[in-house]
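Peer 1: show me how the following folds:
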Amino acid sequence: MAEFLALGPGILLFCAAGVFGGTLLQRLAGQGFGMLSAPVVAMVAPEFLPASLLLIGAVVGFSSSAVDLSAVNRQELPSGFAGRALGAVVAAFIAANLPDPAFFAALVAGVVYLGIALSLLGVRVRIRPVSLFSAGLTAGIMGTLTAVGAPPMALLYQHEERQRSVAMQNVFFSFGMVVSITALAVAGLIGVKHFVFAGAMLPIVGLALILAVPLSRRVARASIRPWALGLAGLAATVLILRLFVQA
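Peer 2: A predicted model of the protein is given here:
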């Protein structure tokens, strides 16, 4: 609790801005929460990663998924879920042995850059049980370690119809948050401070979800993508520069 209170209003507002932008992107595009919010939080409060953002992400994911359930293909879920669960277990073991906040911050930036590169490549991967499991496994490791787990599934569904793409990504995102939280909790890596931080951000999440309703009718996913990648890249770059300055 003392660590949370020590952040101060300025840092909390900065984190809130990242959570707001990430929530808006997640609801509109089915991805973007971790890619934007994680590097923003890592700049000023790396000690709250990844657990706090995973807790917030669970709320964002379930709230977003509930809107598009009719577009979810349930036959594609088991393979992706299995991979995500295995990835979370592997990542929790790694996280338990790499507790340095500065390392997590650098890892966040690297994963964001990887996500941007995968998105720009535009590679078309057929949606099959093997590709779903592989994407889930990779997302589980990335998401549990850094709270940025969307890129692998985004790569799979990027060429699908918008509603289906957003719905499937949000379902996998929601499941991934819960599995990652469980894995970190079992490893003893989630504490009271993470719940306090997440709770403080929930009003911001609610506001973003409300604003996303009218925007979703007007904004096409194609027009969101450049902004999402640009903002995520900028946040990751600032984070890297800040780490070099502190070194």
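Peer 1: I figured Ala71 hits Gln169, correct?
Peer 2: No. Because the distance of 10.7 Å does not satisfy Cβ atoms under 8 Å, Ala71 is recorded as not touching Gln169. Using the backbone N, CA and C atoms, a C-beta is placed for each residue, glycine as well.
Peer 1: after whichever helix or strand Ala88 is part of, next one along is what?
Peer 2: If you go by DSSP states H and E, Ala88 is part of helix 77-96. Following the chain from helix 77-96 toward its C-terminal end, the next helix or strand by DSSP H and E is helix 101-121.
Peer 1: return the alpha-carbon coordinates of that next one using CSV.
Peer 2: Taking only C-alpha atoms (Å, rounded to 0.1, in the frame of the first residue of the first chain), the coordinates of helix 101-121 have been written out as CSV:
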residue,chain,number,x,y,z
PRO,A,101,11.6,-4.0,-12.3
ALA,A,102,14.2,-2.5,-14.7
PHE,A,103,14.5,-5.8,-16.5
PHE,A,104,10.7,-6.1,-16.8
ALA,A,105,10.6,-2.5,-18.2
ALA,A,106,13.2,-3.4,-20.9
LEU,A,107,11.3,-6.6,-21.6
VAL,A,108,8.1,-4.7,-22.1
ALA,A,109,9.7,-2.4,-24.7
GLY,A,110,11.2,-5.4,-26.6
VAL,A,111,7.9,-7.2,-26.7
VAL,A,112,6.1,-4.1,-27.9
TYR,A,113,8.6,-3.7,-30.8
LEU,A,114,8.1,-7.4,-31.6
GLY,A,115,4.4,-6.9,-31.7
ILE,A,116,4.7,-3.9,-34.0
ALA,A,117,7.0,-5.8,-36.3
LEU,A,118,4.6,-8.8,-36.5
SER,A,119,1.7,-6.5,-37.2
LEU,A,120,3.5,-4.7,-40.0
LEU,A,121,4.7,-7.9,-41.7
